[in-house]
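Any chance you could fold what I've pasted below:
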Amino acid sequence: MHLAVARRLPRLLPLAIAVALLGAGLVLAAGDPASAQAAPSKVTIKGTAENKWDPPDATVKPGGTVTFEVAGGATHPVVSGDGSNPAGDGRFDDSGCGLAQMTKVGDSCQVKFPKAGTYPYFCQVHVSLGMKGVITVGGSAAGGGATTTSAAGAGGSVVEPPSAAAPPSSGRPAIYWAGWGLFALGALLALGLIALYVRFWPGFTRPKS
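So this is what the prediction gives:
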């Protein structure tokens, strides 16, 4: 009886190993959520002939650069703010994206966002048509006040975005934990089968108590 049981155990061992390997594969496939969701360092937003931003909302990592481009229509100057104040809120440096720089198709400007936060912007000419958007830096809401520093070689001032706490890490996906569960189940099954094989196979000698 014991010998018959022992002979069946090696046939089940590959199944247990396969379950463990499947779990390991799921864990690797899930990867690191932080790296999978990392924001890009460069984003391009186009002002269209329909007087819309494409895309209106974008995310970059701290220190990233957003390029605004006139892709259609004409005159899409970029201003920092939600549009309630035509002069803007000065939360990022929009001095290079004014009327003089964004008047015709092909014109573009770049804005660098050194600190995490959420920064609304709008087209100074077409704000009444809803030409607005939001830049999210680091995936965190803005906090604190803005600070002003000198602009090198520009003869003006640059308003740096306010600092914000680092965004909370996102939770692990369900497939990640399912993978670990399968890996643990397969490993335990394999160890259990090996222990039973040693216990019932007559070729193994066990010390007598």
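
Mind pulling up the pLDDT for Asp107?
According to the prediction, Asp107 has pLDDT 96.

Oops, could you answer that again for Cys123 instead?
With respect to pLDDT, Cys123 has a value of 96.

Which strand residues bridge it?
Val78 (DSSP bridges).

Can I take it that Ala87 is in a strand?
No - Ala87 is assigned coil when assessed by DSSP: H, G, I helix; E, B strand; the rest coil, not a strand.

how many neighbours does it have?
Neighbourhood size, Ala87 [other CB atoms under 10 Å]: 9. No exception for glycine: its C-beta is placed from N, CA and C like everyone else's.

Could you report the separation of it from Leu182?
59 Å (CB to CB, to the nearest Å).

Val134 now?
To Leu182, Val134 is 40 Å away according to CB to CB.

Look at the two and report which has more neighbours.
Per other CB under 10 Å, whichever of Val134 and Leu182 has more neighbours is Leu182, with 20 against 14.

Report the contact partners of the more buried one.
19-20, 22-23, 26 (CB atoms under 8 Å, 6 or more residues apart in numbering).

Out of those, flag the one nearest to Arg91.
For these, the residue nearest Arg91 by CB to CB is Leu26; the value is 42.7 Å.

what about Leu188, which helix or strand?
For Leu188, the element it lies in under DSSP states H and E is helix 174-200.

Can you give me the buried ones in that helix?
Neighbour-count burial for helix 174-200 flags 176, 179-180, 182-183, 186-187, 189-190, 193, 196-197, 200 (criterion: 16 or more other CB atoms under 10 Å).

could I get those residues as TSV with distance to Gly138 and pLDDT?
Converted to TSV, the buried residues of helix 174-200 look like this (distance: CB to CB, whole Å; pLDDT from 0 to 100):
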residue	distance to Gly138	pLDDT
Tyr176	23	77
Gly179	28	81
Trp180	29	81
Leu182	34	84
Phe183	33	85
Gly186	39	81
Ala187	38	86
Leu189	43	83
Ala190	43	79
Leu193	49	76
Leu196	53	74
Tyr197	54	70
Phe200	59	68
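
Tell me how many other residues crowd Val78.
There are 25 residues near Val78, going by other CB under 10 Å.

I'd say it and Cys109 touch.
Yes - between Val78 and Cys109 there is a contact at 6.7 Å, judged by CB atoms under 8 Å.

Residues that sit against both of the two, list them.
With CB under 8 Å, 6+ apart as the test, Val78 and Cys109 both reach 68, 97, 102.

so how far is Ser128 from the second one?
Applying CB to CB, the value for Cys97 to Ser128 is 19 Å.

neighbour-wise, which of these two wins?
Counted by other CB under 10 Å, Cys97 and Ser128 do not tie: Cys97 has more neighbours, with 26 against 10.

All good on my end, thank you.
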